[in-house]
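>>> Need a 3D model of the following:
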Amino acid sequence: MLFYMRLEGKTAIITGAGRGLGRAAAIEMAKEGASVAILSRTPSELDETAKLISGEVVYFKADVSNPDDIKNVVDKTISIFGRIDILMNNASVVGPVKPVFEVEEKEWDEVFRINLIGVHLFSKEVIPHMIRQNSGKIINVTSGLGEMVMPLFGVYSITKAGVIQLTKTMAEELKAYNIQVNGLDPGVMDTDMQEEIRKLGPEVLGEIYDEFLVLKEKGHLRPPEEVARLAVFLASEESDSITGENGTETHYMRFGYTGNPRLHSDVI
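Presented below is the predicted three-dimensional model:
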């Protein structure tokens, strides 16, 4: 009995794939038959990710805020795999955890260039290839903080709000080319980023520290492997009729997402 591989013959680029959701998504997409190009700023983490992938993989040390790095990744991916079907803009940083009126210009610039401008630049470099194919999937990792106010996380929240609006705008502009653009809100995951936030302690985080600590202690932090299944859904043909949406798994269940890609894989 063989399972239909949802992404067979497809090529995916995943940013921030050295750990966390990026790593989990790369592994899951490869399981579904995709060739994957992964990148981050830390080669040792990429090497670990690549060893966990069963399938064709190539990895690059690259910074999503650097246009030259982006062009190099896209050009080499095309050279190696011949096409780009999926772009998952996952790379991001938390940035300064402080009131926005205390944030320095250099801090603003760094977070914006990685979290928001990087999404635009990578999409801009990939889209012409998708237009030529008359198909493509762009998955932008967003955050619930892009739609709510959480003191001290203002810069991060503002960039994620920008990503949500960018997602909706690109979705409308790219409909004519059969390119779907959707936002994936992963919720609060059990990742290194979350651990780094907790390490700031109550001195920096105040009351928020206790909230994050309770989530960890009670096992309410979500494993990135679980969220990666939604990324596979958004990368697959099952999401061909969905574009301009943003949300968690619960949001996408109204569009047919079940939570486990193997549950609705066809048996050959």
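
>>> In space, what's closest to Tyr252 - neighbours in sequence excluded?
Closest residue to Tyr252 apart from its sequence neighbours, by C-beta to C-beta, 6 or more residues apart in numbering: Leu230 at 6.3 Å. Using the backbone N, CA and C atoms, a C-beta is placed for each residue, glycine as well.

>>> If you could redo that for Thr11, that was the one I meant.
Nearest non-adjacent residue to Thr11, counting by C-beta to C-beta, 6+ apart: Phe81, 4.3 Å away.

>>> Quick check: which element contains Gly95?
Secondary structure assignment for Gly95, by DSSP states H and E: no helix or strand.

>>> In space, what's closest to it - neighbours in sequence excluded?
In space, Gly95 comes closest to Val111 once its chain neighbours are excluded; the distance is 3.6 Å by C-beta to C-beta, 6+ apart.

>>> so where does that neighbour fall, helix or strand?
Assessed by DSSP H and E, Val111 sits inside helix 105-112.

>>> What are the buried residues along that helix?
For helix 105-112, the neighbour count (16 or more other C-beta atoms under 10 Å) marks 108, 110-112 as buried.

>>> what distance separates that helix from the centre of its chain?
Between the centre of helix 105-112 and the centre of its chain there are 20 Å (C-alpha atoms, centre = their mean, to the nearest Å).

>>> Contacts only, for Thr167.
Thr167 sits next to 138, 140, 142, 181-183, 244, 246 when contact means C-beta atoms under 8 Å, 6 or more residues apart in numbering.

>>> ok, it to Gly95 distance?
Distance of Thr167 to Gly95, computed by C-beta to C-beta, to the nearest Å: 20 Å.

>>> same check, this time on Gly82
Taken as C-beta to C-beta, the span from Gly82 to Gly95 is 37 Å.

>>> likewise Arg222?
22 Å.

>>> do Asp63 as well
Distance from Asp63 to Gly95, by C-beta to C-beta: 15 Å.

>>> Between the two, tell me which one has more neighbours.
Gly95 (21 against 17; other C-beta atoms under 10 Å).

>>> Give the phi and psi angles for the more buried one, as a check.
phi 80, psi -170 (degrees, to the nearest 10).

>>> And for the nearest residue to Glu237 once chain neighbours are set aside, the neighbour number?
Distances taken as C-beta to C-beta, 6+ apart put Arg6 closest to Glu237, at 7.2 Å, once the chain neighbours are dropped. Residues contacting Arg6 under the criterion other C-beta under 10 Å number 23.

>>> for Gly55, same thing?
Neighbourhood size, Gly55 [other C-beta under 10 Å]: 16.
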